[in-house]
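>>> Whatever this is, show me its structure:
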Amino acid sequence: MTGMAAVENKRVVANFVERCQNQHDLAYADEIFHPEFVNHYRPEGQPIVETPGRPAAGFQRFYGRLLGGFPDATMRVDEQVAERDLVATRKTFRGTHTGELFGLPPSGNRVEWSFIDIMRVRDGKIVEHWTSMDMEALRAQMR
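Coordinates of the predicted model:
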C-alpha cells in the first residue's frame, strides 16, 4: 500500500467518525459501509443483530441506542494508524447521560470513555470492523 492509500483510508474512517458519530448522521453509514461489511464486534459477547441487505443497520441500532442515552455525544479521534488496508483509531466518547440506557435511568453525569476501533477499508468504504470496548467502564460513569 502506498502512503497515499493509507492517508485516504484514514480519511474514510475519520469522515465516518465525523458524520456518523459527531454529527449523528447515522444514515451516512449506509453510504460508507461496503455492501460486504462484516462487524466482528460482540458487545459483552453478544453479536450485533444484522439486517440482510443493510450492512450498516447493526451499527445504526447500537449507536442510535447510545445517542438515546447521550444525545449530546461527541467522538474525538485521538490517534489513527494505517497499515495495509487497516485503520486503527484510538478515540474518546464524551456525553451527558440524559436518557435511559442499558436499563439505567438518566444520571446527568458527564462521561468520558476511550476505546480503539480497527476498520478495514476497501474501495473507499468500511468493509470490516473490530473493537475492544469496556462497557462496564461506561456503565460505572452512568451511575
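>>> quick check: longest strand of this structure.
strand 110-122 (DSSP state E).
>>> hmm, who's touching it?
9, 12-13, 16, 34, 36, 70, 78, 85-97, 126-134, 137-138, 141-142 (CB atoms under 8 Å, 6 or more residues apart in numbering). (C-beta placed from N, C-alpha, C; glycine too.)
>>> Using ChimeraX, define a selection of the buried residues within these.
In ChimeraX, this line selects whichever of the contacts of strand 110-122 come out buried by 16 or more other CB atoms under 10 Å:
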select :9,12,13,16,34,70,86,87,88,89,91,93,95,96,97,126,127,128,129,130,131,133,138,142
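>>> coming back round to it: next one: the longest strand of the chain to chain centre, how far?
6 Å (CA atoms, centre = their mean, to the nearest Å).
>>> Looking at the contacts of strand 110-122, which are in helices?
Within these, residues falling in helices by DSSP state H are Asn9, Val12, Val13, Phe16, Ala137, Leu138, Gln141, Met142.
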